[in-house]
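S.K.: With the input below, show me the fold.
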Amino acid sequence: MRATLGEFEHLILLAVLHLGDDAYGAAVIEHLESRTARDISQAAAYIALKRLEEKGLVTSQLGAGTAERGGRPRRYFTVADEGLAKLRSSGTAIMQMWSGLEELLEER
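M.R.: Okay, here's the model as predicted:
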């Protein structure tokens with residue numbers, strides 16, 4: 001397994017954490033789009049969620065079907081302990097690299 005998270009994987013994991021019990025595919029995409037001001041491809045998000053699950057960084061379970069979805073259930077995601085560890089490690093590395101560059105990186 002790769003030692004670090006890619007940017008998109010990092011963002012997906014953070015969105016799942018932000019959403020808590022409401023972390024299903026469409027909500028993750030909406031959250032990412034609203035917080036990053038980027039257009040997020042549905043396919044890219046679902047591929048990333050599947051890849052993160054295969055790596056053991058997220059888990060998922062099906063919720064109950066709803067009438068608004070024609071009885072189809074939603075798949076809800078949770079960040080696994082290994083995913084939390086990767087986020088902590090990645091966040092620490094980013095903050096260490098950022099340190100000392102605040103003046104150069106601040107908006108003018």
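
S.K.: so His8 sits right up against Ser41, yeah?
M.R.: Quick fix: residue 8 is Phe, not His. No. Between Phe8 and Ser41 there is no contact under CB atoms under 8 Å: 10.1 Å. C-betas here are computed from N, CA, C, even on glycine.

S.K.: the helices in the protein, which residues?
M.R.: With DSSP state H as the criterion, the chain has helices at 7-19, 25-36, 42-54, 81-98, 102-105.

S.K.: Comparing Phe8 and Ser41, which residue is more hemmed in?
M.R.: Phe8 (16 against 11; other CB atoms under 10 Å).

S.K.: quick one, what contacts the more buried one?
M.R.: By CB atoms under 8 Å, 6 or more residues apart in numbering, the residues touching Phe8 are 44, 48.

S.K.: mind redoing it with 6 Å?
M.R.: Ala48 (CB atoms under 6 Å, 6 or more residues apart in numbering).

S.K.: That one and Thr92, how far apart?
M.R.: Phe8 sits 19 Å away from Thr92, going by CB to CB, to the nearest Å.

S.K.: ditto for Glu102
M.R.: Separation of Glu102 from Thr92 (CB to CB) stands at 17 Å.

S.K.: what does stretch 100-108 rub up against?
M.R.: Contacts of stretch 100-108 (CB under 6 Å, 6+ apart): none.

S.K.: Equivalent analysis for stretch 66-77, please.
M.R.: With CB under 6 Å, 6+ apart as the criterion, stretch 66-77 contacts 16, 23-24, 58, 60-63, 65.

S.K.: Could you single out the nearest of those residues to Ala37?
M.R.: Each of the contacts of stretch 66-77 was checked against Ala37 using CB to CB; the closest is Val16, at 19.2 Å.

S.K.: what about that closest one, neighbour count?
M.R.: By the measure other CB under 10 Å, the count of residues near Val16 is 25.
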